[in-house]
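>>> predicted model follows, preceded by the sequence.
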Amino acid sequence: MQTTVKILKRPFTSTVIAILCGLLVAGIILSISGYDPFAAFSALIKGIFSRPKYIFKVIEKSTPIILTGISVAFAFKTGLFNIGAEGQYIMGSIAATVVGIKLNLPPVIQVPVVILSGILAGAIFGAIVGFLKAKFGIHEVITSIMFNWIAFYFCNFIVTSSEFHKPSSARTVSINESGFTMLLYKWKNTKEGINCLKQNKWLSDIVLKTDLNYGIIIAVIMAIVISFLLHRTTLGYTVRAVGLNSHAAEFAGIGVKRNIVAAMTISGAICGLAAALTITGTSPHAIYQLTMFENIGFNGLFVALIARTSPIGCIFSGLFYGGLSYGGNSLQLDLGIPSEIIGTTIGIILFFVALTGVVPMLADRLAKRGNKNAK
Amino acid sequence: MLSSILSLLNTTLMYSAPLIFGAMGGVISERAGVVNIGIEGMMTFGAFVGASIGYYTANPWLGFLAGGLAGALMALLHAIASISFKADQTISGMALNFIGPGLSLFLCRIFFSNQTMTDRVPNKLPKVFNVIDITVFIALAVTILLWFILYKTKWGLRIRSVGEHPAAADTLGINVYKIRYLSVISSGFLAGLGGASMTLAVVAQFTPTSISGQGFIALAAVIFGKWTPQGAYGACLLFAIAQALAVSLGGGKIAVPSEIINMLPYVLTIIILILFVGKSMAPKASGKPYDKGTR
């Protein structure tokens, strides 16, 4: 009994319950609509795992949302709702692209410069939101929403400007090759390299057909770093104190305003990093004209919430999200099921995550009843 | 000159109506102490259902009503989660923002031969004097009604007290859960009407971009308007004016790229917030689930 209660009280357990419930409801929706949910599920699994290429595609797609997830999770810890992750991501990608096109330094310098410029742009955009909140008390949700649109139109401004626009396309020119962060990039573009790769079915499937890059490694490192920052440093302690009870934190002499700005700056910086890694790591290494938001920042909200704002958890929930959305394509291709069912499923899972907050409470009640019966 | 001012005014009103419905939805829910970040999702679902029913029945009023009910249905989910299950209101609201567009497009593909947009509705909602959408007047009426209910009736007093101090309201015999349920469901109904007013009055069909951010702008308007119907109405109007200005200044009439002009509404909002609006004060219990046992 005690162990059951203990297991039920773990956040991980309620997340798993939420995911299972979400998949169940999605299955019910599918069967009402006249599709076979089991066929859909197996197509989904096949679309994620059946080829090494798919697995690595999922990792590639997950990398930015793991990072935006970490960013949102970090802001949550300070009690800030960073719905502006989208805008910070866009600004990061603009900065990385512009710098990557304009500069052409040796790779050892070019790569860090491009990535740092992305980080800086995201950080500035986040810091402004934090500053407006700290200085003028303007709710971060309003400013974030406004800044998302400002970034949106700024992106289109850059893409359409004659300076960066690639003729007869809807994107900018690509950044210089010295800024690429792909693995084995040289091998892909030389005959000997391709021949060598072709000898191994796995390697050629992965390297030649995906944009294999360092991003995921950096994302994992970031998760660990942010986790360390939150739980093992003074800054992390004060940030969490402000998030838990800003009045108590202020009373204890913690600068609430300073922490709000700091937290938003770091949160924005992580979004900028996500964007810069996408630009340097995946083709076509450029930004596109936006007709609607790409939702990489918004999906970070899902990732952070599923992970219950744990940075390490974001790695798994990010991969989960990436898997669902990438595997969802095969639902449409193989079975003709509208791929929008994936978005719906994601929403339903999130909804159950909200509901399963009740699980620990139920566990408590279960424990009480157990004690009573024992007496 | 006069005609351009009139057309500016007309565009303003056209843009404002869906926002106002959404914002009023936000006001009523937040005043009762439930944060509703899912307005966007509710509006999207309302927009889809409104356009579909409008198409199949050829009656735009029926579509409009159905849009509202669709929003209310989604809000019921939010209410169950955030009131009965005491769930995190941000999470459950965000969930609706995923479910709304997802379900709309999924159903759209099923009912409209695998397309992501509905066919055009045969009849749009009527226009007053043949120029101004009737939804503009309905939105104004809703605002006045909501103001009246909130500040001049005992129901309004109950809603506000539940949002400020639910425990105190409870000791006075007010059923906190009931008031919150009703408020959240009406919030969804209004958001749904807002979505449907987009697809039945502004344009005549549902597309994936019919609702792109209006729900979030409405949310911002609620905070901007300090959680009052009249304030939120003003914020929506201001935003719509900026939007209309961007439209009328765009198209190469002045030597500024249209992308920059399009930023105007958002930049303007931030500037006005900095200059004129002080610290925003949310209803005290907003976002906190009410648990009977706690003090």
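Thanks, I have the structure now.
>>> how about the strands in the stretch 51-200 of chain B?
Taking DSSP state E, counting those that start in this stretch to define them, one finds strands in the stretch 51-200 of chain B at B:127-128, B:132-133.
>>> mean pLDDT lowest for which of these?
Here those differ in mean pLDDT, and the lowest is strand B:127-128 at a mean of 80.
>>> list the contacts of that one.
B:133-134, B:136-137 (Cβ atoms under 8 Å, 6 or more residues apart in numbering or on different chains). No exception for glycine: its C-beta is placed from N, CA and C like everyone else's.
>>> just among the residues you listed, which is most surrounded?
For the contacts of strand B:127-128, the largest number of neighbours (other Cβ atoms under 10 Å in any protein chain shown) sits with residue B:133, at 23 neighbours.
>>> so that residue makes contact with residue B:201?
Yes - between residue B:133 and residue B:201 there is a contact at 4.3 Å, judged by Cβ atoms under 8 Å.
>>> what is in contact with the two at once?
With Cβ under 8 Å, 6+ apart as the test, residue B:133 and residue B:201 both reach B:17, B:125.
>>> quick check: which ranges of the chain have low pLDDT?
No chain was given, so I picked chain A. Scanning chain A with the threshold set as pLDDT under 70 gives A:1, A:184, A:186, A:374-375.
>>> wrong one, chain B
In chain B (pLDDT under 70), the answer is B:1, B:250-255, B:277-281, B:293-295.
>>> just the helices in it please.
B:2-31, B:39-57, B:60-79, B:89-111, B:134-152, B:154-164, B:166-171, B:176-197, B:214-224, B:229-249, B:258-276 (DSSP state H).
>>> counting by contacts, list what the shortest one packs against.
Contact here means 3 or more Cβ pairs under 8 Å, 6 or more residues apart in numbering or on different chains; DSSP states H and E; on that basis helix B:166-171 packs against helix B:154-164, helix B:176-197.
>>> nearest residue to residue 257 in space, please, no chain neighbours.
I went with chain A, as the question did not name one. residue A:134 (3.7 Å; Cβ to Cβ, 6 or more residues apart in numbering or on different chains).
>>> not what I meant, chain B
Closest to residue B:257 by Cβ to Cβ, 6+ apart is residue A:157, at 5.9 Å.
>>> the residue of the stretch 51-200 of chain A found nearest chain B - how many residues pack around it?
Across the stretch 51-200 of chain A, no residue is closer to chain B than residue A:137, which sits at 3.3 Å (Cβ to the nearest Cβ). For residue A:137, the tally of surrounding residues (other Cβ under 10 Å) stands at 14.
>>> please report phi then psi for it.
Backbone torsions for residue A:137, taken as degrees, to the nearest 10, come to phi 70, psi 20.
>>> for residue A:318, which three-state class applies?
helix (DSSP: H, G, I helix; E, B strand; the rest coil).
>>> measure it to chain B for me?
To chain B, residue A:318 is 16 Å away according to Cβ to the nearest Cβ, to the nearest Å.
>>> make sure that residue is actually in contact with residue A:66.
Yes - counting by Cβ under 8 Å, residue A:66 is a contact partner of residue A:318 at 3.2 Å.
>>> need the overlap of contacts for those two.
A:219, A:303.
>>> next one: the closest residue to residue B:105 other than its chain neighbours from residue A:317, what distance?
Leaving aside its chain neighbours, residue B:105 sits nearest to residue A:340 (3.9 Å; criterion: Cβ to Cβ, 6+ apart). Using Cβ to Cβ, to the nearest Å, one obtains 21 Å as the distance from residue A:340 to residue A:317.
>>> please identify the most buried of the helices and strands packed on helix B:166-171.
helix B:176-197 (a mean of 27; mean count of other Cβ atoms under 10 Å in any protein chain shown).
>>> and it, anywhere near chain A?
No - Helix B:176-197 is not in contact with chain A by Cβ under 8 Å from any Cβ of the partner chain; minimum separation 13.8 Å.
>>> just to revisit the earlier point, tell me the most buried of the helices of chain B?
helix B:39-57 (a mean of 30).
>>> tell me how many other residues crowd residue B:114.
11.
>>> OK, contacts around the nearest residue to it once chain neighbours are set aside?
Nearest non-adjacent residue to residue B:114, counting by Cβ to Cβ, 6+ apart: residue A:338, 7.5 Å away. Applying Cβ under 8 Å, 6+ apart to residue A:338 gives the contacts A:331-332, B:105-106, B:109-110, B:114.
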